[in-house]
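Asks: Attaching a predicted model along with its sequence, questions to come.
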Amino acid sequence: MNIVDLHVHSNKSDGSLTPAQLVQLAVEKELAAFALTDHDTTDGLAEAIEAAKKLPEDIAPEVIPGIELSTEYEGKDIHVLGLYIDYDTPSFKEQIKYFMDSRLLRNQKMCARLQNAGINISYDKLIKAFPDSVITRGHYAKYLLEQGYVKSMVEAFDRYLGDHSPYFVPREKITPEQAIQFILKANGIPILAHPILYHMSEARLDALICKLKSAGLMGIEAVYSTYTNVEEWQMRKLADKYDLCISGGSDFHGSTKPSLELATGYGKLIIPEDILINLKKSLQIKSQG
């Protein structure tokens, strides 16, 4: 059985491997395809696609151009994946620039707050430490760990980076509906990422998915590294209720998430290629419609 992984990060956001290294790892894992879905950026797509083109056809994985957009819904951070996006269109690039500018402003404010707490940090130092990356809280945590301010990534989030920390600055976010429309305009497939991680009641999650379906949502990430069998069944049931496709991904970040592997997650993850085939069919139907 061929397997795929439809939620993967590179060092262009908060992963540790370059896009080209991800392609090589996908070959080692014998993946038929993987989606590069970095946070609010598509900077790694060209490198990954080019690396795959250089490989023999019989082993080269399909590199699916993707993105993971951060949105806000009723005070919660909700992520929307976009698969098969036309990432080179001018309108798409313009919107991505808006996301990047929003992150830049947030990062400058967070650095100022941390400086006031006695931490030797600046946005320029973060960029120097993590060149060519979209700076996320994961990078802050690594920096604090490497500089000796904390003893673990967990401590970094608990003390300095968590949502309720006095040093955290939320950035301006779009709504999930706006993210969906953005992805649809880029001819992509919008998918609600890891719904279980939002810790919503069944009724509240159902209402969210109903709302997003009306906005054009096409899929739910029903297969995911941390899901129990019951949670996966619940997500599959919701997908069936709202006539949505199923997607699946490891949310691989490399060393940023130790012991979480590409393709297999924490060891039990299996994402059959049939899931991707069904997503492609839905994309074809959408384009014909």
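Replies: Perfect, I can see it now.
Asks: use CA for all of it now, contacts and neighbours both
Replies: OK.
Asks: For the stretch 101-250 of the chain, which segments count as helices?
Replies: 123-129, 137-146, 153-156, 176-185, 202-215, 229-241 (DSSP state H, counting those that start in this stretch).
Asks: Relative to the whole chain's centre, how far out is the second one?
Replies: Put simply, helix 137-146 sits 19 Å off its chain's centre (Cα atoms, centre = their mean, to the nearest Å).
Asks: where exactly do the strands run in the stretch 1-150 of the chain?
Replies: 3-8, 31-36, 62-73, 76-83 (DSSP state E, counting those that start in this stretch).
Asks: And for the longest one, what's in contact with it?
Replies: Contact partners of strand 62-73, identified using Cα atoms under 8 Å, 6 or more residues apart in numbering, comprise 23, 32-42, 45, 48-49, 52, 77-87, 173-176, 179.
Asks: export the helices of the stretch 101-250 of the chain to a markdown table and tack on mean neighbour count, mean pLDDT and distance to Glu62?
Replies: Output for the helices of the stretch 101-250 of the chain, formatted as a markdown table (neighbours: other Cα atoms under 10 Å; pLDDT from 0 to 100; distance: least, Cα to Cα, whole Å):
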| stretch | mean neighbour count | mean pLDDT | distance to Glu62 |
| --- | --- | --- | --- |
| helix 123-129 | 14 | 93 | 31 |
| helix 137-146 | 19 | 93 | 28 |
| helix 153-156 | 18 | 93 | 33 |
| helix 176-185 | 21 | 95 | 20 |
| helix 202-215 | 15 | 98 | 28 |
| helix 229-241 | 15 | 98 | 25 |
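Asks: tell me which helix or strand of this structure sits lowest on mean pLDDT?
Replies: Lowest by mean pLDDT, DSSP states H and E among the helices and strands of the chain is helix 90-116, with a mean of 89.
Asks: Kindly calculate the angle that that one makes with strand 62-73.
Replies: With axes from the mean of the first three to the mean of the last three Cα atoms, to 10 degrees applied, the angle from helix 90-116 to strand 62-73 works out at 60 degrees.
Asks: which of the contacts of strand 62-73 are buried?
Replies: 23, 32-42, 45, 48-49, 52, 78-87, 173, 175-176, 179 (16 or more other Cα atoms under 10 Å).
Asks: how near is the residue of the chain most remote from its centre to Pro170?
Replies: Relative to the centre of the chain, and counting by Cα atoms, centre = their mean, the farthest-placed residue is Gly118 at 31.9 Å. Gly118 sits 21 Å away from Pro170, going by Cα to Cα, to the nearest Å.
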